[in-house]
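> let me see the structure of the following:
(5 chains)
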Amino acid sequence: MLEREVVYESVLDHDFLDEIYSLPGGHEIKKCIQCGTCSGSCPQGAVMDYAPRKIFSLIRAGFRDEVLESNTIWYCSSCYSCAVRCPKEIKITDVMYALKRIAIKEGKAKKGRKASALSKNFVRMVNKYGRNHETELMARYILSAEPFNALNFVPQGWRLFSNGRLPLMPHKIKNIEQLRKILKKIDELEEM
Amino acid sequence: MSERIGVYVCHCGTNIAGRVDIDEVVEFAKGLDAVTLVREYKFMCSDPGQSLIQKDIEDGLINRVVVASCSPLMHEKTFRNVCTRGGLNEYLFTMANIREQCSWVHVDVERTTDKAKGLIEAAVRRTRLQEPLTKREVPINPRTLVIGGGIAGIQAALDLAEAGKKVVLVEKEPSIGGHMAKFDKTFPTLDCSACILTPKMVSVGQHENIELMSWSEVEDIGGYVGNFNVTVRKKTRYVDADLCNGCGACWEKCPGTRVPRKGNVHEKLSIGPTTSIYIPFMQAVPAIPVIDADTCIRFKNGKCGICAEVCERNAINYDMEDELIEFEVGSIIIATGFQTFDPTPIKRYGYGKLDNVLTAIEFEIMNCASGSTGGNIRMADGSEPKSIGIVHCVGSRDKHYHEYCSRVCCMYALKYSHLIKEKIDAEVYEFYIDLRCFGKGYEEFYDRLLGEDVRFVRGKVAEITEVPIEEAEKGKLVVEVEDTLVGKVRRIPLDMVVLCTGLEAHESLADIAGLCSVSIGKDGFIIEKHPKLGPVATTTDGVFIAGACQSPKDIPDTVAQASAASSAVLSMITREKIEIESATASVDEDKCSGCKICNSLCPYLAIKYDEEKGVSVVNEALCKGCGTCAAGCPSNAISAKHFEDRQIFAEIEGILSA
Amino acid sequence: MTFEPKIVGFLCNWCSYTGADLAGTARIKYAPNIRSIRVMCSGRIEPTFIMKALYEGADGVLIAGCHPGDCHYQEGNYKALRRHRLLKRILHEYGVEPERVRLEWVAASEGERFAKIVDEFTDQIRELGPLGIKDSLAEAMKDDIDPHEADKEESGVANEA
Amino acid sequence: MKLKGGIYWGAGCGGCDVAVLDIHEKILDVAEKMDFLFWPIAMDFKNDDVRAMEDGEFDLVLYSGAVRNSENEEIAKLLRRKSKTMVALGTCAHIGGLPSLANYHTKQSILERVYSETESTVNPEGTMPLERSTVDGNELELPRFYNTVKTLDQVVDVDYYIPGCPPVPQQIVNALTAVFNGELPPKGSVIGAGTKTLCDECPREREEKEISEIKRPLNMIPDPEKCLLEQGLICLGPVTREGCGARCINSGAPCRGCYGPLEGVHDQGIRMISALASVIEPKEEKEIDAVLDGIVDPLRTFHRFSTAASILRRKKI
Amino acid sequence: MKYTYYPGCSVKSTANLYQESIDAVVPAMGVELEELDDWNCCGATAYMSVNEMMSFAISARNLAMAEKFHRDVVTPCSACYLVLNKTNRYFNDYPEVRKKLGVALEAGGLSYSGNIRVRHILDVIINDVGLEKITGLASRKLEDLNVAPYYGCQIVRPMYYGFGAGEENEEGFDDPDDPVCMDRLIEATGATCVKYSMKTKCCGSSLIGTEEKQALKLCRGILADAENNGAHCIVTICPLCQMNLDVYQPKVNSLFGTKFDIPVIYFTQLIGLAMGKQPKELGLERLAVKMTRPMKQILQGA
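The predicted model follows:
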């Protein structure tokens, strides 16, 4: 049997591009001309495994796991600098969101363990109260993601608390049931 | 004689047959009223296809023709000619477009076939009611108007003049020459731009067949092919052209200061005098100065008059006014050229804010040996840059600005690299997305540059900043860019950055196009008659295009198109007569009550009210057949020939029946 | 089976018909529900044509001309616009949803846009359902029969049978 | 031999019959040439008497009014059978007339409006007309009320039309004279009216039109010399056949279109829409709409007399 | 001028000082903010990372509730501003989104037609109230106060703004790379505007919990550029930016060995100061990085 260490087509996922393409806002992705404006504009470009431009070429070529397991998507801080500059008007930030969701759903968010923990806790908070409750969010997040690093958060917490900026009690919206009904309906629709 | 319609269904290879069930369509057509003959053929437009129709007409089998094939915009003319050759009036023919608007755009064979049937039935029903129309011919005025005196206009005007035809060349600037007059060298051969352009400019100025109207603008165009009426505004120069001998005494002594362009610290870069009375550059044709009234001291406070004093020929006249000149021509060549994209809106490139960020045109003038820097490349502080970045695709290939590729930037950018390397000892970076070196000798030029140690970085520049992070960046412009081939974001400190601004349609083009009734595409350029087969003609007969008014072009392509346009004009003039639209509107005087509703509807003023008869009358020579008046006529007295109500009603019935 | 509307397009020669051709040249796919009639200018399009098309069975009518300012005949499209604005005001009283008659500007360069408009319009009309003017007329007339005549006819039919 | 004539009044106001009487002493000339055997408004002659006649026995029948119910239709068909020449007299028979405005409603909604909804109606039992009812043991019958008002030629074959609401008496005289002298134009023609539109006989001065505001007669006093349309009044003169002598216009009121459209015009009201919109001044959608807002009830303004003859004929049900 | 007010979660907690200053200054401008009853969280960046459609749905609930008032919605938070606008954009541009949201809202007894404009309070103050009015209200002399305007990233992202189907507000209300509206506002208050480059660079707020070091690096860049250009304080418009640059400033110092001491205040606090209000009325004492001595001196007119 011959052997050559190259990337074989059989290991690539050629449906990945269309998967992203078919999402609302994903349409422009096929138009990328690999100019690099996004990477050059990204504040985190340097620390990412692959800067945004390369993410697009990886998606095109079908390197599904490389994309979903990269730290890139978790380093995106949603500043939209890339998206606002992209000459092809690709909604880059929105694509990053889509990748985050797929990664979380498929359990590929290893490098985004903390970010996904924070996001999930945030969602739990909103679903519970209708609003975010900073204090509880941070407490839950630290417990679930960084229990050994809890002390790190204390000084900031104190600075907020001592200046009267950290309410201890959550605010629950009156019609939380309505919000939940809406969410439940979305859930049903997404299932279909 | 009853109607005997022949229906000819074209396969167009598989273009139609691949999506439309031809057999079914043929069977269907056979069953339609008045259809006496149905044939199918692989390519109706081919010689054998055409002969098929011609023979059927000649044999007396049919007296009306329907061809179901491509778009009438493609082949209506072809098949009309077939009818004429066969001895049938060409207006007894209709095309059913079952390709562009049917087989090419739909997927489902059954439904596409159904649609084809509907379109054919519509055509058949309409054809039954069509009436023969007589061709009209009008004489062609052999004089031509050329709008724009850049290299395109110059070339077109000279070609025509050399053929012995009269030309009026209108240029809105004080001199002809256009952008090419500002260039030092031209790619890829590096010829001296002035050396090749100046002789042509001089011939224009001296040619007995060319009437040059510089510092003039076209105000109005009326009429139609072969017979256009043109009104030109000759702007006042405040200098009598008949007296002035171009000695230059006036601008040498003028105390006023004119700013050639607004933008940044380089706004005074100029290839001509920056005085208030000026010629745009030394080789100007005509070499007659113009007073810039905005900066002239005389016009500001009446306190000067030096130019008039020094003029030995008393050519200065501060009271001169604009003149309107009217004349007639038979054809028009639009050669309004381009303007460069203004990069000010792209804030992240800092143009206008960062002194040493220049546009391509500024850099071009800076390089021009006869310009204000004497061809020396200098920073705002006068010193020589040690490193220069050249940024490609500024305003091009970008949905926020222009989606198209400006086509010339890659090559002029490479030319800059070469000029810089030739003139000074500086590092040069080319920041590009793709290098498009497609013309004759272009790739070879790129190859040459690769050997000249130019640093190529593949990546669109994200940002140009003056905020340093490293010591070496202090006092420099820093380009942030992803080097996409390396996959790293780089920061590159530079002394000067040149923005390769794209080409866009000249701001005057939309007005000119409106005057000539030609369409502008969404890119802002003129839409040619056909992108491949009619690149110099427009949708308006008698109006042709040359150069960058059609799309961004380099000099060789522009010159080629200009010559093509002039030869198209020549072939038209040589015919001396031209057929014009027969499908005009006409008024049935027995029905018209003279309500005057139609009188204001005609954009060509072809409808006049006849006081004596008390009815409105259409001047068919002026009518272009739009049919607006017919639709507005409340009494059905006006009919739009070939688009009569009953014909369209029949079409509606047909299109909905199958 | 889903309802497939019949749509008649009236396209001006210079912009919209050319734009529709461009969609073809570029092989952009769109719904086959539209069948177009070419006129030289959108200014030629009489509201009468539209009523006629609706009467003859069109479920929707698309009028397309050059963008404002771009008319090949300078101003024909403004006339089309004004006629359309006025016509729309009366349609609902005929029981015709005004959305069934749509005016769009399509430039010669806008093949993609033409396709998009057709698809969108087709969906919209599909949602509105069939117009069926003739059926509705027949339905309305069904009752408009002299009861005696009807008796006679019925018995007549019975006799023949 | 004296000719035999008949006059019938379908769904209409009777104005056409009055117009016939309004030919004054000329009626004597007519009576000399023709015997009117059937004229319900003026004399007693039963339907059965007509039925008893030979087919084609009438030389001329003038039918006025639209066809609105089964009786109208029955008589129209009967008269058609019995006459050589059938003339639609007046706007209603010609193009539907005012009664055909009912086509924007349904039979049901009209009955409800008339028998229960109108402000002056007291009908607590909700009594509605019945086609058949029994009174004192006798079965009574009413003609069927139609959903759709029709023109005469939508029901029977019509030979000629005399338009107008009502027709100008002189026109009736002209038409009758033509019949008497055997000088009839081709079948299907409009007789007694012109071939051009009203503008032809309108005495007002006309210019090119650019309308920037639509006005109503109650809000202005129009210039007596100038075209009313140019002054912003909706005048249907341009889409209406001449022949009336510009009656309304001469009294300062705009034409409302009773003489119907010219030959070849498929829909009078829609044609007016096209003509009027053509000469409205603005180009911007909003400004156009602002001008059009001045037209109160555009549909019934343009189709006041011609709904039954319009392309769509009635509101979709 | 009456608006429907959508404060957002932060303004009700960690950014309560923002709210205090808004309450203190807007009445004088003739602006009336009526808080949307029972509003819920917009979803911010975090919700979007888990479920896009639900994120749009919770946003849409707010828009639907606001629609019946037929007034513009005003929010002081850049994140809420972007998220609500983006929801509008997707709702109007993507029929599948519109459909789903319509059905979901219906389940909650609500409906939305996509016609609510969401605006940032900065936009309202600059474009509806107008700078002349601000100048007119300014009584305290601030010309010695060097203020660095920090716009942050999410306020100038025109691709999501404009409203109605297919309609795009090409320009947003300022340029994405070089916004100047707050510069003008600072000048209108009488203070001196500091020109510096980092005014639209991301502060890393959404990374602060997860990739703290990276976020702090971004903060450092902004603080350094402002300091190098002589800023006494930074003025911001977003609760998330403020918290990052203010509360985490000591941490930036300890991590990178810098000595930043730059108060980060809200633009409404600056306006309040110009109007002559006391720091306490404006919530200024709640800052983590307290007002510096030079700053206090300037305020006292010394």
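
> pick out the residue of chain C closest to chain D.
Closest residue of chain C to chain D, Cβ to the nearest Cβ: residue C:95 (3.0 Å). Placement of C-beta: from N, CA and C, glycine included.

> just give me the neighbour total for that residue.
15 (other Cβ atoms under 10 Å in any protein chain shown).

> ditto for residue B:139
12.

> tell me the phi and psi of residue E:236?
phi -130, psi 170 (degrees, to the nearest 10).

> do residue E:17 as well
Dihedral angles (degrees, to the nearest 10) for residue E:17: phi -70, psi -30.

> that one against residue E:281, yeah?
No: Residue E:17 is beyond contact range of residue E:281, at 10.8 Å (criterion: Cβ atoms under 8 Å).

> quick one, which of those two is more surrounded?
residue E:17 (25 against 16).

> residues of the stretch 251-400 of chain B that sit close to chain A?
Within the stretch 251-400 of chain B, the positions near chain A by Cβ under 8 Å from any Cβ of the partner chain are B:348, B:393, B:397, B:398, B:399, B:400.

> let's see that with 7 Å instead.
B:397, B:398, B:399, B:400 (Cβ under 7 Å from any Cβ of the partner chain).

> mark which of these are buried, thanks.
B:397, B:398, B:400 (16 or more other Cβ atoms under 10 Å in any protein chain shown).

> show me the contacts for the last one.
The reference is to residue B:400. Taking Cβ atoms under 7 Å, 6 or more residues apart in numbering or on different chains as the criterion, residue B:400 is in contact with residue A:87.

> what about the longest helix in chain C?
If you go by DSSP state H, chain C has its longest helix at helix C:111-128.

> show me what that one is packed up against.
strand C:7-12, helix C:18-25, strand C:60-65 (3 or more Cβ pairs under 7 Å, 6 or more residues apart in numbering or on different chains; DSSP states H and E).

> switch to 10 Å and redo it
Judged by 3 or more Cβ pairs under 10 Å, 6 or more residues apart in numbering or on different chains; DSSP states H and E, the packing partners of helix C:111-128 are strand C:7-12, helix C:18-25, strand C:34-39, strand C:60-65, strand C:101-105.

> how about the fourth one and chain E, touching?
No: counting by Cβ under 10 Å from any Cβ of the partner chain, chain E is not contacted by strand C:60-65; separation bottoms out at 17.1 Å.

> and chain A, what are its domains?
Domains of chain A are assigned by automatic domain parsing as A:6-105, A:113-175.

> weakest of those in terms of mean pLDDT?
Lowest mean pLDDT within those: domain A:113-175, at a mean of 86.

> distance between the ends of that one?
Start and end residues of domain A:113-175 are separated by 33 Å (Cα to Cα, to the nearest Å).

> do the same with stretch D:160-171
End-to-end span of stretch D:160-171 (Cα to Cα): 13 Å.

> what mean pLDDT does it have?
According to the model, stretch D:160-171 has a mean pLDDT of 93.

> give me the buried positions along that stretch.
Under the neighbour-count criterion of 16+ other Cβ under 10 Å, stretch D:160-171 has D:160, D:161, D:162, D:163, D:164, D:165, D:166, D:167, D:168, D:169, D:171 buried.

> check those residues against chain C, which are close?
Within the buried residues of stretch D:160-171, nothing lies near chain C by Cβ under 10 Å from any Cβ.

> still on that earlier bit, closest to chain C among the residues of the stretch 251-400 of chain B next to chain A?
Using Cβ to the nearest Cβ, those come closest to chain C at residue B:399, 13.9 Å.

> now that closest one: how far from residue B:192?
From residue B:399 across to residue B:192, the span is 38 Å (Cβ to Cβ, to the nearest Å).

> now intersect the buried residues of stretch D:160-171 with the helices, please.
D:169, D:171.

> among the buried residues of stretch D:160-171, which lie within strands?
Here DSSP state E is the test, and the buried residues of stretch D:160-171 give D:160, D:161, D:162 as lying in strands.

> pretty sure the first one is touching residue D:87, no?
Yes: the criterion here is Cβ atoms under 10 Å, and residue D:160 meets it with residue D:87 at 4.6 Å.

> please enumerate the shared neighbours of these two.
D:60, D:62, D:175, D:179, D:184, D:191, D:192 (Cβ atoms under 10 Å, 6 or more residues apart in numbering or on different chains).

> no further queries at this time; thank you.
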